[in-house]
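**Q** What shape does this take:
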Amino acid sequence: MKLPFILFIVLFVGIQVTQAQKLGVNDTIKVHAYVTAEGDTIPSGYLPSLSVYTKVDPRWKKYWVEWTRLRNAVYVTYPYAVAASRTINEINARLVNVTDQAQRKAIIHSKEKELRLQFADKITNLSIYQGKVLMKLIRRQTGDNCYEIIKEYKGGFNAGFWQSVAFIFGSSLKQNYDPINDDKLMESIVKDVEKMYGYRS
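**A** Here you go, the predicted model:
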């Protein structure tokens, strides 16, 4: 008597399940487990660490050298740019409706004296490269370049003189700041500094 095909399949599957339930020596393997906050238990394992050594492409090496130099310069100079922006805002607030030139000069001179006492020693120790970065950051913080700021508060002659000094050292007071293109990398570093130290632009 032939068994129906369906019955044959059922018997075959049953035999396979019975055989699968027989445990062998390697059927139970103890592993580490991780218990989640919800109470689930997840098997976990540990892989030995692997170190890979290779030569750094000269282009990447140059990139990281330049990035590190720029990052360090931003970390050093950004607090000065923030202070400059704050001082300029204070001066502008005090100069509102002040038309007397002598009084205007007195207000500007008093704030300049405060800045000198607070930052003169530190700023004079900056490198030329850090000075360039500082001028860019001042432009970022105030919206005006250093030439325009000096011209506004100290006159065109002073602005021209300091522009000449900057030119001798291969720089310019008329530093621009382009966070989208030319200064994109600097902008990303500034964002990191702001997050780390709680600065607000």
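**Q** Going by neighbour count, which residues in the host helix or strand of residue 192 are buried?
**A** Taking DSSP states H and E as the definition, residue 192 sits inside helix 184-197. Within helix 184-197, the residues scored as buried using 16 or more other C-beta atoms under 10 Å are 186-187, 189-190, 193. Any C-beta I mention is one placed from the backbone N, CA and C, and that applies to glycine too.
**Q** ok, now stretch 94-109?
**A** Applying a neighbour-count criterion of 16+ other C-beta under 10 Å, one finds 107-108 buried in stretch 94-109.
**Q** got the CA coordinates for that stretch in PDB?
**A** Output of stretch 94-109 as PDB, limited to C-alpha atoms (Å, rounded to 0.1, in the frame of the first residue of the first chain):
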ATOM      1  CA  ARG A  94      28.300 104.400  23.800                       C
ATOM      2  CA  LEU A  95      28.900 106.500  20.600                       C
ATOM      3  CA  VAL A  96      25.200 106.600  19.700                       C
ATOM      4  CA  ASN A  97      24.100 110.200  19.500                       C
ATOM      5  CA  VAL A  98      27.600 111.400  20.500                       C
ATOM      6  CA  THR A  99      28.600 114.100  18.000                       C
ATOM      7  CA  ASP A 100      31.300 115.900  19.900                       C
ATOM      8  CA  GLN A 101      34.600 114.700  18.400                       C
ATOM      9  CA  ALA A 102      36.600 115.100  21.700                       C
ATOM     10  CA  GLN A 103      34.000 113.000  23.600                       C
ATOM     11  CA  ARG A 104      34.100 110.300  20.900                       C
ATOM     12  CA  LYS A 105      37.900 110.100  21.000                       C
ATOM     13  CA  ALA A 106      37.800 109.900  24.800                       C
ATOM     14  CA  ILE A 107      35.300 106.900  24.700                       C
ATOM     15  CA  ILE A 108      37.400 105.100  22.000                       C
ATOM     16  CA  HIS A 109      40.600 105.800  23.900                       C
END
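**Q** what does that stretch contact?
**A** By C-beta atoms under 8 Å, 6 or more residues apart in numbering, the residues outside stretch 94-109 that reach it are 91, 153-154.
**Q** tell me the mean pLDDT over it?
**A** Across stretch 94-109, pLDDT averages out at 81.
**Q** For that stretch, what is the distance to the chain centroid?
**A** 38 Å (C-alpha atoms, centre = their mean, to the nearest Å).
**Q** what angle do the longest helix belonging to the chain and helix 184-197 make?
**A** Ranked by residue count and defined by DSSP state H, the top helix of the chain is helix 58-95. Here helix 58-95 points in a direction 60 degrees away from that of helix 184-197 (axes from the mean of the first three to the mean of the last three C-alpha atoms, to 10 degrees).
**Q** just so I have it, where are all the strands in this protein?
**A** Under the criterion DSSP state E, the chain contains strands at 32-35, 41-44.
**Q** Could you export these as CSV, including mean neighbour count, mean pLDDT and distance to residue 168?
**A** CSV is the format used below for the strands of the chain (neighbours: other C-beta atoms under 10 Å; pLDDT from 0 to 100; distance: least, C-beta to C-beta, whole Å):
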stretch, mean neighbour count, mean pLDDT, distance to residue 168
strand 32-35, 10, 84, 64
strand 41-44, 9, 86, 64
